[in-house]
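Q: coordinates for the following, if possible.
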Amino acid sequence: MRQSMRGDVDPFIVMDVMEAARQAEAAGRHIIHMEVGQPGTGAPEAAKAKLIADMADPLGYTVGLGLPELRAHIAQHYADWYGVTLDPSRVVITSGASGAFLLAFSSLFDNGARVGLGTPCYPSYRQILKAVGLTPVDIPTTLAQRFQPRPDDVAAHDLDGLVVASPANPTGTMLDQPALADLARACAEADAALISDEIYHGIDYDQTPVTALQVTDDVYVVNSFSKYFSMTGWRVGWMVVPEDHVRRVERLAQNMFICAPHAAQRLALHAMDCVDELQANKAVYAANRRLMIDGLQAAGLRNFAPPDGAFYVYVDVSEFTDDARAFAAEILDQAGVAVTPGLDFDAERGHHWLRFSYARSTVDIQEGLRRLADFMRGRGA
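A: Next up is the predicted model:
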């Protein structure tokens with residue numbers, strides 16, 4: 001049977017690492033998971049209790065743009081967190097951030113459009129772009145520039161669009177307000193669309209993240225309930241779009257998804273009020289971050305930019321290996337710690353990098369770091 005070239009996308013290597021870790025656990029081993037960006041906590045308990053009461057209702061389809069009360073709550077969230085006044089009509093509830101990217105790319109670009117990605121970056125940007133007939137353009141970044149693209153990259157690469165992430169995956173680095181404003185200005189001057197991935201907002205440490213809506217309304221902002229709100233498996237996110245794009249995105253959402261899952265939307269609405277529990281989760285990430293920075297350095301893994309946000313550390317391991325995938329497999333086999341090779345995030349240079357996630361419990365992070373230190377000592381580090 002014939003096949004479409006749209007399916008010719010690369011695998012998500014971290015999922016392969018997860019499967020290898022699962023097989024090791026099935027064989028009786030205890031594995032410390034530092035490979036996946038999934039909070040060790042679940043959805044807030046108070047939100048789940050309220051959802052149980054909601055289940056007495058049929059919970060059928062919602063309108064394509066999402067529950068009006070959830071969209072209004074998100075608009076209020078921008079006022080509370082960023083001082084941004086936002087019309088709830090510009091908020092689109094999506095089937096996770098992944099659904100938001102599919103809608104954004106479909107709404108903004110025609111076949112063959114060139115969309116810039118500062119590498120290393122979240123790998124699914126590239127694969128979704130390829131699957132919908134667009135051209136991902138890798139923009140190599142450096143540790144010195146904290147792995148973020150620069151304004152002159154837009155014109156230099158002849159871009160139709162640019163995806164930025166702050167805090168970023170896999171690096172955890174952020175753009176401050178002047179840097180984000182400069183990128184927005186460069187995109188406007190080049191008539192390139194700007195898409196701002198903000199799914200790790202709320203998980204920050206020494207500085208507060210800036211939303212692109214603080215510097216421009218000519219932007220698609222993507223966010224999710226997966227990370228700060230600890231709702232990965234519920235698959236609900238949101239997007240803020242310019243006012244004159246709402247109906248276009250709505251038509252696409254109606255036809256592609258009908259709506260995001262109703263139960264997940266209800267849970268998301270309740271989760272937004274669970275501030276104390278969510279901030280307690282954030283305190284765990286902050287403690288884990290301190291442990292990771294100190295523990296990786298003590299193990300001899302010193303070449304990284306300390307993360308501003310999210311729950312990752314992206315480490316240069318070139319002094320130990322030319323094959324990060326094999327190195328990650330060795331760490332899993334010998335130390336019982338699952339980590340992600342950088343090839344997921346940077347196909348050209350990722351063979352020299354590993355990503356470590358500290359999203360799990362502090363006890364797990366402490367044990368994982370102890371195992372890593374023993375492993376590196378065994379290699380003479």
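Q: what ranges do the strands span in the stretch 251-381 of the chain?
A: Secondary structure of the stretch 251-381 of the chain (DSSP state E, counting those that start in this stretch): strands located at 312-316, 337-338, 340-341, 353-357.
Q: go on, the stretch 101-250 of the chain?
A: Using DSSP E, counting those that start in this stretch, strands in the stretch 101-250 of the chain cover 114-119, 135-140, 161-165, 193-197, 220-224, 237-240.
Q: reformat these as JSON lines; add distance to H73.
A: Heads up, the C-betas are built off the backbone N, CA and C, glycines and all. Output for the strands of the stretch 101-250 of the chain, formatted as JSON lines (distance: least, CB to CB, whole Å):
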{"stretch": "strand 114-119", "distance to H73": "31"}
{"stretch": "strand 135-140", "distance to H73": "34"}
{"stretch": "strand 161-165", "distance to H73": "24"}
{"stretch": "strand 193-197", "distance to H73": "20"}
{"stretch": "strand 220-224", "distance to H73": "13"}
{"stretch": "strand 237-240", "distance to H73": "10"}
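Q: wait, which of those strands is closest to L129?
A: strand 135-140 (4.4 Å; CB to CB).
Q: quick one: mean pLDDT for stretch 49-69?
A: Stretch 49-69 comes out with an average pLDDT of 95.
Q: which residues are in contact with that stretch?
A: 71, 88, 91-94, 238, 246, 250, 253-254, 257-260, 262-263, 265-267, 269-270 (CB atoms under 8 Å, 6 or more residues apart in numbering).
Q: list the buried residues of that stretch.
A: Within stretch 49-69, the residues that qualify as buried by neighbour count (16 or more other CB atoms under 10 Å) are 50-51, 62, 64-67.
Q: packing partners of the helix or strand of the chain with the lowest mean pLDDT?
A: Least confident element among the helices and strands of the chain, by mean pLDDT, DSSP states H and E: helix 13-26 (a mean of 90). Under the contact definition 3 or more CB pairs under 8 Å, 6 or more residues apart in numbering; DSSP states H and E, helix 13-26 sits against helix 324-335, strand 337-338, strand 340-341.
Q: and those: which comes nearest Q148?
A: Among the helices and strands packed on helix 13-26, the nearest to Q148 by CB to CB is strand 340-341 (20.1 Å).
Q: okay, now the sheet partners of that closest one, with direction.
A: strand 353-357 (antiparallel) (DSSP bridges).
Q: show residues contacting the partner strand.
A: Contacts of strand 353-357 (CB under 8 Å, 6+ apart): 33-38, 120, 170, 292, 296, 301, 311-318, 324, 327-328, 339-342, 344-346.
Q: do you know how far the nearest residue to T173 once chain neighbours are set aside is from P170?
A: Sequence neighbours aside, R146 is the residue nearest to T173 in space, at 4.2 Å (criterion: CB to CB, 6 or more residues apart in numbering). Separation of R146 from P170 (CB to CB, to the nearest Å) stands at 13 Å.
Q: more crowded one of those two?
A: With neighbours defined as other CB atoms under 10 Å, R146 and P170 compare such that P170 has more, 30 against 18.
Q: which residues does the more buried one contact?
A: P170 makes contact with 120, 122, 312, 314, 340, 342, 344-345, 355 under the criterion CB under 8 Å, 6+ apart.
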